[in-house]
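Peer 1: could you look at this predicted model? Sequence included:
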Amino acid sequence: MNKTIIGLTGGIASGKSTVAEIFSGHGFHIIDADVVSREVIKCGTKGYDLIKEYFPEAFETCQGDEGVDNLYEMGDGDGEIVGDAALGVPQKKIIHSGESLSAFPALNRIKLRQIVFNDTEQLKILEQIIHPLIKEKIKTDILSSNKYHILLVVPLLFETGFNSLCDKIITIASNEKTRIERLKKRDNISDGIIQKIISRQLTDDERSLRADFVIENNSTLCRLEQQVKKSIEFLALV
C-alpha cells in the first residue's frame, strides 16, 4: 500500500494545530512544517550556521542551557517562512559530547522577525536558507514514517510550492476577524505585524479554490471534529 500525503493549510490562527490533533486521533502521522522549521535551525545544523552568517544581529549569548530551544523558534507559530531557492550550504558544525550549548549564540526569533518583516530583501534571503532545508527534512520524515496516511501541515502550502508533495489538500477557512482575535490571545504581536502576515498569505477563497476539501472553523470543536471525519470519508482515507 502506497503512502497518501494529505496537505493541511489555512490562514494564520485558523486552527491548523487543533485540526491536526483530530487527524492524529484518527491514526494519521502528523508532520508539522513549523516543528520542522525549528529543527533545521537548531545549534549545530546547516540552517543555524547560515542564519548566523547572514543575520548575526539576530543572535545573542545564552546564559546556561535552559531555555535555549525557545530562542530557536521563528515566525509566529504559523510558519511564516516562504521561498523556494537553495543556497550553498556549509558543513554541519559538530557539537562535541559534553560541550555546553551556552557556548554558542542563541537565535532570538523576535529579533529575526523584526529584521525580515521590515526588509523584503532580507526576507528573501531567509526564505532561501530555510525553505529547502525544511523540504528536505519533510521528505525524509515521510520516507521514514511507518504509517500510510500522513498529514503534512504547512500554513503557506501553495505559496511555498509544498503542495507538490501532496496527493490531496485540505484547507481550513475561518473569518479574518475571528483569526485576529485568536492571534492576539495567543501571541503578543502588534496589529501591524498581524496585517503584514495576513497580506503575505492567500485568502480563504484562493486556498479553497485549489483545495480538495474545505473545513470551516467558525463554530464549535464538536463541529470541527465532524468536518474532519467527513473529510476523511470524502477523500476515501478509510
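Peer 2: Perfect, I can see it now.
Peer 1: okay, CA-based contacts and neighbour counts for the rest of this
Peer 2: Will do.
Peer 1: is Ala236 in a helix, a strand, or coil?
Peer 2: coil (DSSP: H, G, I helix; E, B strand; the rest coil).
Peer 1: burial of it, as a residue count?
Peer 2: Using other C-alpha atoms under 10 Å, Ala236 has 8 other residues around it.
Peer 1: distance of it from Gln226?
Peer 2: Taking C-alpha to C-alpha, to the nearest Å as the measure, Ala236 and Gln226 are separated by 15 Å.
Peer 1: got a list of what Ala173 touches?
Peer 2: 10-11, 14, 204, 208, 214-217 (C-alpha atoms under 8 Å, 6 or more residues apart in numbering).
Peer 1: got phi/psi on it?
Peer 2: Backbone torsions for Ala173, taken as degrees, to the nearest 10, come to phi -110, psi 130.
Peer 1: can you name the residues bridging to it?
Peer 2: Per DSSP bridges, the residues bridged to Ala173 are Glu216.
Peer 1: report the secondary structure state of Leu151.
Peer 2: strand.
Peer 1: my guess is it meets Glu21, correct?
Peer 2: No. The pair Leu151 / Glu21 is not scored as a contact, 10.3 Å apart, by C-alpha atoms under 8 Å.
Peer 1: more neighbours: these two, which one.
Peer 2: Neighbours were counted for Leu151 and for Glu21 using other C-alpha under 10 Å; Leu151 has more, 23 against 13.
Peer 1: could you measure from that one over to Phe28?
Peer 2: For Leu151 relative to Phe28 (C-alpha to C-alpha), the value is 6 Å.
Peer 1: likewise Ile134?
Peer 2: 20 Å.
Peer 1: mind checking which of those two has more residues around it?
Peer 2: Ranked by neighbour count (other C-alpha under 10 Å), Ile134 and Phe28 place Ile134 first, with 23 against 20.
Peer 1: Val40 is in contact with that one, correct?
Peer 2: Yes. Contact criterion C-alpha under 8 Å: Ile134 and Val40 qualify, at 6.7 Å.
Peer 1: please enumerate the strands of this protein.
Peer 2: With DSSP state E as the criterion, the chain has strands at 4-10, 29-32, 59-60, 106-107, 149-153, 168-173, 213-216.
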